[in-house]
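In: What follows is a predicted structure for the sequence shown.
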Amino acid sequence: MSEQEKLQPTDAATRHLVRRLIDEPDRWALFLDIDGTLLDLATTPDAIQVPLSLPVDLAAVSGRLGGALALVTGRSLSYADGLFAPHRFPIAGLHGAEFRAADGATSAVEQTSGFDALKRRLVEETAWMEGVLIEDKGAAVAAHYRLAPAYDTALEKIMRDFAEAAGPAWVLQPGKMVFEIRPSRADKGEAVASYLEQPPFLGRLPVAVGDDLTDESMFALANARGGQSIRVGSLSTATCALAKSSSPSAIRSALATIAAAGARKEAAAS
Ligand SMILES: O=P(O)(O)OC[C@H]1O[C@H](O[C@H]2O[C@H](CO)[C@@H](O)[C@H](O)[C@H]2O)[C@H](O)[C@@H](O)[C@@H]1O
Ligand SMILES: [Mg+2]
């Protein structure tokens, strides 16, 4: 059976997600990617829009799941925090390398002078590529070509060389119209595995929702633990996700439905 055939029909996935989390809130833990999953993709990294209701809905769903909701993102932890302020969720940033547990304990990645110098060289080396954007994320760096798709191959070669020059503590991470150099110490799957070792995630089945190559490791982990995995958006690459959802807006509306159902149950109980 091909990867495509294994997928459920579009948005049956989100309907199942809603039913599971409403009916069995103590059974599941939810791991959500940000760009392309919770948020619509934008032309540049800072042009993303966070709908006003989203942080509130996320907080409500988290409450319903007893806090077993984490954001697992390629963004830095501090950038992701800023998107959903004043709410503070458990977050794994830089594709799993940065980690804030449910109790607030945080492990950061050391920013070295060598990597800082490499980022400066990368800016110089790509300066001639009009439209290519370099996103400095501290211990990681992304080179975006969404505004300059013709540089796809040339940029990949540069990023491959720079990732190699960075040494074994970093690795090349391709994504949607982007090549990144990220810390190699953990991927998203390992971050999800770490969450599952700790309360309130401990003993629950993982549901991983993402849209890109970096999310495949958390899909694989969720599948291996008997959980669920949902790939959002159009499929340009193969996936091991068990189900498919059409868009970030379908995911947001699933979260809003779960949040509203939780509020109704609380009102009925009081
Ligand atoms: O793991 P994620 O939360 O999905 O983060 C992955 C990367 O997302 C961002 O880049 C992507 O979204 C941008 C805004 O929509 C878009 O312009 C770009 O083409 C995408 O690749 C972010 O800028 C990266 O740092 C994240 O690693
Ligand atoms: Mg994404």
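Out: Yes, it's here. Ligands and ions are numbered 1, 2, ... in the order given.

In: Number of residues surrounding the residue of the stretch 1-150 of the chain found nearest ligand 1?
Out: Among all residues of the stretch 1-150 of the chain, G74 sits closest to ligand 1, at 2.2 Å; criterion: CB to the nearest ligand atom. C-beta coordinates here come from the backbone N, C-alpha and C atoms, glycine included. Other residues within reach of G74, judged by other CB atoms under 10 Å, total 30.

In: quick one: contacts of the helix ranked longest in the chain?
Out: Assignment by DSSP state H gives helix 248-269 as the longest helix of the chain. Residues outside helix 248-269 that contact it (CB atoms under 8 Å, 6 or more residues apart in numbering) are 11, 14-15, 17-18, 21-22, 25, 32, 36-40, 51, 53-54, 56-58, 60-61, 63-64, 209, 211, 230, 232-233, 245.

In: That one and ligand 2 in contact?
Out: No. Using CB under 5 Å from the ion, helix 248-269 stays clear of ligand 2, with a minimum separation of 9.1 Å.

In: And stretch 130-144, by the same measure?
Out: No. Residues of stretch 130-144 are not located near ligand 2 by CB under 5 Å from the ion, the shortest gap being 12.2 Å.

In: Say whether ligand 1 is contacted by that stretch.
Out: Yes. Shown here: stretch 130-144 in contact with ligand 1 (CB under 6 Å from any ligand atom) through 135, 137, 142, 144.

In: Out of the residues you listed, who's the most crowded?
Out: For the residues of stretch 130-144 next to ligand 1, neighbours tallied by other CB under 10 Å; top is K137, 23 neighbours.

In: Double-check it against L94; I have them as touching.
Out: Yes. Between K137 and L94 there is a contact at 6.4 Å, judged by CB atoms under 8 Å.
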